[in-house]
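Engineer: Provided below for reference: sequence and predicted model.
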Amino acid sequence: MHAVILAGGRGVRLRPYTTALPKPLVPIGEEYAILDIIMQQLRSQGFTRATLAIGHLGSLIQAFVGDGSRWGIAVDYSEEESPLSTIGPLLNFLDQLPEHFLVMNGDVLTDLDYVALLNHHTETRAPLTIATYQRQVKIDFGTLETSDGRIVRFVEKPTLSYGVSMGVYAMSRKTLAPYPRNVPFGLDELVLDLLAKDEPPAAYDFDGYWLDIGRPDDYDEANREFERLRPILVPEALR
């Protein structure tokens, strides 16, 4: 029950909030940081160890989390000297991880059952399992389909639905072992390489609450909705 939390990004899209704070430490509501909620969720689901991959303003994350004893989780750190993307940081401490483990971004608010995701991964024996969510996007224009210079279909301001990665994954050490260390390597590159090798990742479909705090609009929405969402996001021990 080991979780890796990716907390090394610069949070460029969330500026100015991330000018002085790393994204996982931006406050939600009046009492919590995002990382505080994540750590308590992990502990409430039985995780006992966590590795935080840090970079930008990593010393602030270390000062906040410490050894993890406030949550009852043994915490260690891996600091990247230069950006290594999503998967790259894991390769530098892969030998310290169990065969199957959880990986998640440090800026995700969700009530996903992390244990169920990890169990699904081990049961299906997939090389990688990605938690997925159906995102609805309202198009503010009439959309057209054309053929041979003629309009053959018109839809006024449609709502499109598509699956997205939630930034939460179950991974296996043997899947990552062949890749080189100390070079940037993203999730997109991993997925494309697995597809090329005919080893498709598994999808874990989720229909609960999920919000990636990636943009100021998302962050503002999270704060507006937090009191309503507190019962499903914050374990009882932290409320």
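Structural biologist: Received, thanks.
Engineer: can you pull the contacts of Ser78?
Structural biologist: Residues near Ser78 by C-beta atoms under 8 Å, 6 or more residues apart in numbering: Thr51, Leu52, Ala53, Ile54, Pro89, Asn92, Phe93. Where C-beta positions appear, they are placed from N, C-alpha and C, glycine not excepted.
Engineer: cool, Val137 as well?
Structural biologist: Val137 neighbours (C-beta under 8 Å, 6+ apart): Thr159, Leu160, Ser161, Tyr162.
Engineer: I'd like the average pLDDT over stretch 135-142.
Structural biologist: When pLDDT is averaged along stretch 135-142, the result is 85.
Engineer: Correction: the previous question concerned stretch 167-175.
Structural biologist: So the average pLDDT for stretch 167-175 ends up being 95.
Engineer: Counting neighbours, which bits of that stretch end up buried?
Structural biologist: Under the neighbour-count criterion of 16 or more other C-beta atoms under 10 Å, stretch 167-175 has Gly167, Val168, Tyr169, Ala170, Met171, Ser172, Thr175 buried.
Engineer: Touching, the second one and Val103? I think so.
Structural biologist: Think Val168. Yes. When contacts are counted by C-beta atoms under 8 Å, Val168 is listed as touching Val103 (7.5 Å).
Engineer: hey, what's Ala7 bridged with?
Structural biologist: Under the criterion DSSP bridges, Ala7 forms beta bridges with Ile54.
Engineer: what sits against it?
Structural biologist: Contacts for Ala7 (C-beta under 8 Å, 6+ apart) come out as Pro22, Lys23, Pro24, Leu35, Leu52, Ala53, Ile54, Gly55, Gly58, Ile61, Gly106.
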